[in-house]
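Engineer: Let me see the structure of the following:
(chains A and B)
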Amino acid sequence: MFDLEKAIGEWKKTLFRSENMEEADVAELESHVREERARLVKEGFDEAAAFRKAIEDPASAEALEAEYAKVRRLRLDRPAWHPARLLPVFAWSHMKIASRKMRKQKAYSLINTVGLALGMTCSFLIFFWVQDELGYNRFHEKADQLFRVNKKYQIGSETQYNSSTPFPLAPAVRENFAEVIDATRFQRIRALVSFGDNEDNVFYERRVCVVDPSFFRIFSFPFVKGDPVAALAEPDSIVLTESTAAKYFGTEDPVGKTLTLDHDKDFVVKGVVEDIPPNSDLPFDLFVPTSRMIDPELLEDWGSHYAMTFVCLQGGSVPAEVEKKLSKLIQEQLPKEQISLALQPLGDIHLYFEDGSEEGMKFVRAFSIVAVFILVIACINYINLSTARSEKRAKEVGLRKVVGARRMQIAWQFFAESLLFTLIALGLALLLIQMLEGVFHDLTGKTLVLADFEPGFMVGLLLIAGFTGLASGVYPAIVLSSFKPVQALRDGLDRPKGKASFRKTLVVVQVSLSIMLLIGMGGIEQQLRYFRAIDLGFDKDNVLFMRMTGGLQKNYEAFRHELLQNPDVAEVARSFQPPGEMSAIVRGLRWEGMEAGESVAFGFIPVDYDTLDLLDMKIVQGRKFSREFPADDSNFILNERAVEVMGLEDPIGKPFSLEDSTGTIVGVVKNFHSMPLNYGIEPVVLLVDPEYYSLVLVKIRPDNRRGAISGVEAAWKKFAPGFPFEYHYLDERFDLYYGSEILAGKLFRYFVLIAIVISCLGLLGLSAFVAEQKTKEIGIRKALGASVPRVVLLLTKQFLLWVLLANIIAWPVAYIALRSWLDNYPFRTSLGLPLFLLSAAAALMITMITVSFQAVRAARANPVDSLRYE
Amino acid sequence: MMIDKALVAASTKPIILSILLGGEDYGYQIIQKVKDISGGSLEWSDKMLYPVLHRMEKEGFLISRWKMSDGGRLRRYYKITEKGCLELDSERRQWRSVTDALAQLWKPLPSLD
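Structural biologist: Residues are numbered from 1 along each chain as shown, chains lettered A, B, ... in the order given. This is a model prediction of the structure:
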């Protein structure tokens, strides 16, 4: 007997095999076949024949299917009123659902968004800072070919590096080295600039740059007016930056105007350059030619090293070979000394010291790590919160699967949710950055303007945002989409142990990252405190210093006398350089018992008779310089280190000579830090030599600073008329040296704070979730008589454990990182246990406070309510 | 007499639209009407008409809905849209100009014998 339904079923199966036929298509064809069969039966065909005739078709099944496929693939032009479909078909629906979920779970969404936004803000700011630091000096067209010539020399038994080179070096190199295209000397001076007859037109310029005419050929400082090649060709030419020109002449054309430097030398403005960009290590306002500013004798002197030398190499030449030639050249000129020269790429001078050790680079590295940490912490928050909530979502996933959603579709749904969070957080982060612009500028001195971001930076931002979205979205998408529908719907959740422990691992990682940051912050602070507390060997407090002018040089004694009349002034003395900033060395030393052929260089510190008293420096043997001993103008004082290097048993009264002057050693001063603390204690020789004085030091009494300063100013006006009164505090100067450490400490504090806030947000969310999950358990326990503290303990116990575990991970890592950072400093604090214990305690306290907040709330709830829950 | 394939394909759209101008109809019925009108000279595969209907729906000339017939049979009914009417209008003008041109040429019917 013919079974129609069975036959139709079979026939439909063949149709379903095609992926281009949809259910509706088959249903329509089925309806057609039934109608046709009915008609044929009416015409008198038997059942089976009617059916066969109804399904047969002159066109082949393949041709039919191909037609269906064509229609399916048919893409029509988008009607004008339809929005463009840039995203996949489901994207909008995913986004819509995601935004509904967000609105429904406000607290959860807030925690997630704020966490991600804070994390991204920090990373953006750090990224901007790092990029800016790395970009220093790289804007010059020939940046790859530009090098600074550094000098390597021996002082005592140590090797030192600096960038001071003799003036004749650049011309010699330019003329004799085939590899060198061009070279320039470079020195920074200060000058009083005046012009016209108006007496108000006097400016004290601190950033005057003495260079060779080749300077503008080597470096890319674009000219607004004038010709870069000819600008400094004449000895009396001067070049200004745009804003300096505007300051002097307003809107008038500055070219051709005459400027007078130090009321002495006249210069004609030959060009105007654009303002020097902030990411240049050569920030200057005026440029004058070396040939006019520097004493001709000095220009020929290989022994005095006051200039920096920059060279531009031929493309393809090997710096190491040029270095060899340079060293050979200087050794020929200074045969008695152990000096060699090295090239440092221009791009490196901002972040590395002359000897190649890390200067700013260590902070760039540290902050990059911090940025990654913070971002990871934020992502972990998201991952933990979204997977912790999986129980809530399990039913949803199950139902979606039951009605036919594929796993990929669900994964995309969750991923879309993460992306939405990331997008909102990105918006929030950009807003935050805009708001923090001012703070960031005050802190770092860098100007961050969102509107001006270059494409490269935008790409970076998008990469960070993309990473955040991916990192936080992928795992939840995989986990949440993996639920088996039957289990999920029946039990509410399939809860394999693995997922919960993965979450625990993440929390531990997060907390340990926070602890590492805490320890790092503590370490930097401790090092800074160490710097501040270190005994420099002289007293830097309440000391003012100012640069001497020509008039003051002549009338110093009268000036000093006038100052000392002021009861608020304790002492006045002259000095070569600010104490603690020794940069001169002297060679050609001889003393009794010196081994023949030995060549030693010492630090060179010209002082005044009163300098040691003023700075409260301690004499360990002999005496200080004194006006009572006329011979003291050719006598010497050494520091303990120098005596040690010389190997003298009893130095007092022994002869000592320095180049061509010979005298007696009258005293030994206690070792002091003659250089910033990133240098060790050097052997130094102190002497009285008026030729070198360039500073006046004034020790004032602390109780009336203002009175003292106005007294000094009055005397200054009298003895240095026409020169602006400008003074510095020695201790502030000191802070300047550790500016990068101080800044790093400050930034670190902010970032650690933010990292901890983000961690706390996550912990808060997680603890709320744990409390919610255990609502019934808490209710039952309380009903059976458990006290609130017991319940709180129940809820917080695991967090306590996690923090302890996190400490175990964090300590060694933090120790190694901090150790290697501190290794950059010759004088460093020791990393004691207290730092670690304190950080651990802080982390524990913060965690417990955060977690108990929820736990206490849950524990105090009425058990009746919680048992009725659900 | 067989009609060329290309001509069949080209005429399908105006024929369907014209049929539906008379009111909502379902696939099988449309096919029957096409057959009746052409008097069997338009020989096409019945089922090939369905992809055509779907294409026209996608292009916005038709809309469809499923309806249960009184006999308990599920049928997909097609209805012409505003856009479909406009399309038919344009088709009609095109066909008319073609037929007019041919009519003029063939007026004094040349001897075909």
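Engineer: Strands of chain B, start to end?
Structural biologist: B:25-26, B:62-68, B:74-80 (DSSP state E).
Engineer: could you dump these to TSV with mean neighbour count, distance to A:Thr611 and mean pLDDT?
Structural biologist: To be clear about C-beta, it is placed using only N, CA and C from the backbone, and glycine gets the same treatment. Formatted as TSV, the strands of chain B follow (neighbours: other CB atoms under 10 Å in any protein chain shown; distance: least, CB to CB, whole Å; pLDDT from 0 to 100):
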stretch	mean neighbour count	distance to A:Thr611	mean pLDDT
strand B:25-26	21	111	89
strand B:62-68	14	100	87
strand B:74-80	20	105	89
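Engineer: Quick one: closest of these to A:Arg819.
Structural biologist: Closest of the strands of chain B to A:Arg819 is strand B:62-68, at 75.6 Å (criterion: CB to CB).
Engineer: if we look at that closest one, which residues are touching it?
Structural biologist: B:20, B:26, B:53, B:56-57, B:74-81, B:84 (CB atoms under 8 Å, 6 or more residues apart in numbering or on different chains).
Engineer: by contact count, what packs against the biggest strand by length in chain A?
Structural biologist: Using DSSP E, we find that the single longest strand of chain A is strand A:180-194. Under the contact definition 3 or more CB pairs under 8 Å, 6 or more residues apart in numbering or on different chains; DSSP states H and E, strand A:180-194 sits against helix A:169-176, strand A:202-211, helix A:215-218, strand A:258-261, helix A:290-293, strand A:305-313.
Engineer: ok and the worst-scoring helix or strand of chain B on mean pLDDT relative to strand B:62-68, angle-wise?
Structural biologist: Lowest mean confidence among the helices and strands of chain B (mean pLDDT, DSSP states H and E): helix B:27-38, at a mean of 82. Interaxial angle of helix B:27-38 relative to strand B:62-68 (axes from the mean of the first three to the mean of the last three CA atoms, to 10 degrees): 120 degrees.
Engineer: who touches helix B:27-38?
Structural biologist: Taking CB under 8 Å, 6+ apart as the rule, helix B:27-38 contacts A:28, A:31-32, A:35-36, B:15-16, B:19-20, B:25, B:42, B:44, B:46, B:49-50, B:53, B:75-76, B:78.
Engineer: list the contacts for A:Ala840?
Structural biologist: Taking CB under 8 Å, 6+ apart, one finds A:Ile515, A:Val803, A:Asn807, A:Trp811 in contact with A:Ala840.
Engineer: on that earlier part again, turn the helices and strands packed on strand A:180-194 into TSV, including mean pLDDT and mean neighbour count.
Structural biologist: Shown next, in TSV, are the helices and strands packed on strand A:180-194 (pLDDT from 0 to 100; neighbours: other CB atoms under 10 Å in any protein chain shown):
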stretch	mean pLDDT	mean neighbour count
helix A:169-176	91	18
strand A:202-211	88	18
helix A:215-218	91	22
strand A:258-261	90	18
helix A:290-293	88	18
strand A:305-313	91	24
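Engineer: In JSON lines: those, plus distance to chain B.
Structural biologist: Formatted as JSON lines, these follow (distance: least, CB to the nearest CB, whole Å):
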{"stretch": "helix A:169-176", "distance to chain B": "77"}
{"stretch": "strand A:202-211", "distance to chain B": "72"}
{"stretch": "helix A:215-218", "distance to chain B": "68"}
{"stretch": "strand A:258-261", "distance to chain B": "78"}
{"stretch": "helix A:290-293", "distance to chain B": "80"}
{"stretch": "strand A:305-313", "distance to chain B": "68"}
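Engineer: what's the farthest-apart pair in the contacts of strand B:62-68?
Structural biologist: B:Leu74 and B:Gly84, at 23.6 Å, using CB to CB across the contacts of strand B:62-68.
Engineer: How about the helix ranked longest in chain B, which residues are buried there?
Structural biologist: Counting by DSSP state H, the longest helix found in chain B is helix B:82-106. Using 16 or more other CB atoms under 10 Å in any protein chain shown as the burial criterion, the residues of helix B:82-106 that qualify are B:Gly84, B:Glu87, B:Leu88, B:Glu91.
Engineer: To what extent is A:Val607 buried, counted in neighbours?
Structural biologist: Applying other CB atoms under 10 Å in any protein chain shown, we find 26 residues neighbouring A:Val607.
Engineer: Touching, it and A:Leu686? I think so.
Structural biologist: Yes - A:Val607 lies in contact with A:Leu686 (CB atoms under 8 Å); the separation is 5.2 Å.
Engineer: Which residues are in contact with each of those two?
Structural biologist: With CB under 8 Å, 6+ apart, A:Val607 and A:Leu686 have common neighbours A:Phe625.
Engineer: on that earlier part again, can you pick out the most distant pair from the contacts of A:Ala840?
Structural biologist: A:Val803 and A:Trp811 (12.5 Å).
Engineer: more crowded one of the two?
Structural biologist: Set A:Val803 next to A:Trp811 and count neighbours by other CB under 10 Å: A:Val803 wins out with 25 against 19.
Engineer: secondary structure class for the more buried one?
Structural biologist: What DSSP: H, G, I helix; E, B strand; the rest coil gives for A:Val803 is helix.
Engineer: Contact partners for it?
Structural biologist: A:Val803 neighbours (CB under 8 Å, 6+ apart): A:Val511, A:Ala840, A:Ala843, A:Leu844, A:Thr847, A:Met848.
Engineer: Kindly recompute the last result at 7 Å.
Structural biologist: A:Val511, A:Ala843, A:Leu844, A:Thr847 (CB atoms under 7 Å, 6 or more residues apart in numbering or on different chains).
Engineer: Please determine how far it is located from A:Leu844.
Structural biologist: To A:Leu844, A:Val803 is 5 Å away according to CB to CB, to the nearest Å.
Engineer: coming back round to it: can you redo the strands of chain B as JSON lines with distance to A:Trp821?
Structural biologist: Listed next are the strands of chain B as JSON lines, based on distance: least, CB to CB, whole Å:
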{"stretch": "strand B:25-26", "distance to A:Trp821": "81"}
{"stretch": "strand B:62-68", "distance to A:Trp821": "72"}
{"stretch": "strand B:74-80", "distance to A:Trp821": "75"}
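Engineer: So which of the ones you listed is nearest A:Val669?
Structural biologist: Taking the strands of chain B one by one with CB to CB, strand B:62-68 is closest: 101.8 Å.
Engineer: angle of the closest one against helix B:82-106?
Structural biologist: Using the same axes, to 10 degrees, strand B:62-68 lies at 120 degrees relative to helix B:82-106.
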